[in-house]
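Fold the following for me, if possible:
(one chain, ligands or ions: 2)
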Amino acid sequence: MAKLFRAVIMGPPGSGKGTISERIAQRFGLTHLSSGDFVRENIAANTDAGVLAKTYIERGLLVPDHVMTRLLLPRLEEMTRHSWLMDGFPRTLAQAKALNSTCDLDLVISLNIPYETLKDRLSDRWIHPASGRVYNMGFNPPRVQGRDDISGEPLIHHDDDKPEALVARLRQYKDLAKPIINLYKSKGILHTFSGTDTDRIWPYINSLLSTKIPSTSQTDTQRIPMP
Ligand SMILES: Nc1ncnc2c1ncn2[C@H]1C[C@H](O)[C@@H](COP(=O)(O)OP(=O)(O)OP(=O)(O)O)O1
Ligand SMILES: Nc1nc2c(ncn2[C@@H]2O[C@H](COP(=O)(O)OP(=O)(O)O)[C@@H](O)[C@H]2O)c(=O)[nH]1
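Numbers count the residues shown, from 1 in each chain. Ligands and ions are numbered 1, 2, ... in the order given. Alright, predicted model coming up:
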């Protein structure tokens, strides 16, 4: 069996983690895991962890570390046959240490995007709450304005994505991410990408991953046929 590949993507709100994760998943055949999706699934299923998580999210707080690790680590341990990319976890140093003791990461992508760009993108981010599908009125608009492409259900705009809320969220991200980034830097697995456009960052991420992911994990459709 080909060696499995485990990666994490980090970045402030609106930096393109979800967008880039989807591209990586499609191009390299990895499973895209999103901590936000796990939390939402648990809330919808009314699990103990979900009920507890909801009380924090409703107050605009992060879910405590022990709840997040209880939710996610068993799922990762089950993924013995899949290569994956995790988006949204770890968010704290305690989570990073817990992840460390569960698996060896091959690579960490950190996105470094200017504040003005984050602000513009988030003020234009529309979400389909049931699936977590994300749209942007300029960058990837829905086919029908205000409606999810697949279900046709209405899209919503989070209050959290308003510029007034962004400064605090960004500060929190910077404070919490700093020691995690230092940890991954010291392990030699951190790769940082800076810029204002996902489409300009993507080729660099694509070529880095092409050198790191065993070709057997990549999907056949991505191979360029010989003339
Ligand atoms: N690793 C985590 N630690 C603590 N709470 C978390 C974690 N991941 C997700 N949550 C909780 C708090 C988040 O507000 C909520 C939804 O997560 P997510 O979908 O990642 O949205 P977000 O709005 O925080 O991120 P972003 O704007 O970066 O996409 O779930
Ligand atoms: N204008 C513009 N919007 C983008 C770009 N990349 C992503 N987006 C949009 O910006 C918003 C934030 O991206 P998302 O992937 O949700 O970021 P995350 O919060 O880090 O997961 C979404 O509405 C995306 O559709 C880009 O290069 N330009």
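
how about the residue nearest the centre of the chain, what does it touch?
Of all residues in the chain, the one closest to the mean position by Cα atoms, centre = their mean is residue 87, 2.4 Å from it. Shown in contact with residue 87 (Cβ atoms under 8 Å, 6 or more residues apart in numbering): 8-9, 17-18, 21, 32-36. For every residue, glycine as well, the C-beta is placed using N, CA and C.

List the ones among the residues you listed that fall in strands.
Among the contacts of residue 87, the members found in strands (DSSP state E) are 8-9, 32-34.

out of those, which one sits closest to residue 108?
residue 8 (4.8 Å; Cβ to Cβ).

Tell me the confidence at the closest residue to residue 80 other than its chain neighbours?
In space, and not counting its chain neighbours, residue 80 is closest to residue 4: 8.0 Å by Cβ to Cβ, 6 or more residues apart in numbering. Looking at residue 4, its pLDDT stands at 89.

Number the chain from 676, please
Sure, I'll start numbering at 676, so the last one becomes residue 679.

Please, where are all the strands along this protein?
With DSSP E as the criterion, the chain has strands spanning 681-685, 706-709, 759-762, 782-787, 800-803, 808-811, 865-869.

could the ones you listed be laid out in a markdown table, adding distance to ligand 1?
Shown next, in a markdown table, are these (distance: least, Cβ to the nearest ligand atom, whole Å):
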| stretch | distance to ligand 1 |
| --- | --- |
| strand 681-685 | 10 |
| strand 706-709 | 6 |
| strand 759-762 | 7 |
| strand 782-787 | 10 |
| strand 800-803 | 8 |
| strand 808-811 | 8 |
| strand 865-869 | 16 |
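
Understood, closing this out.
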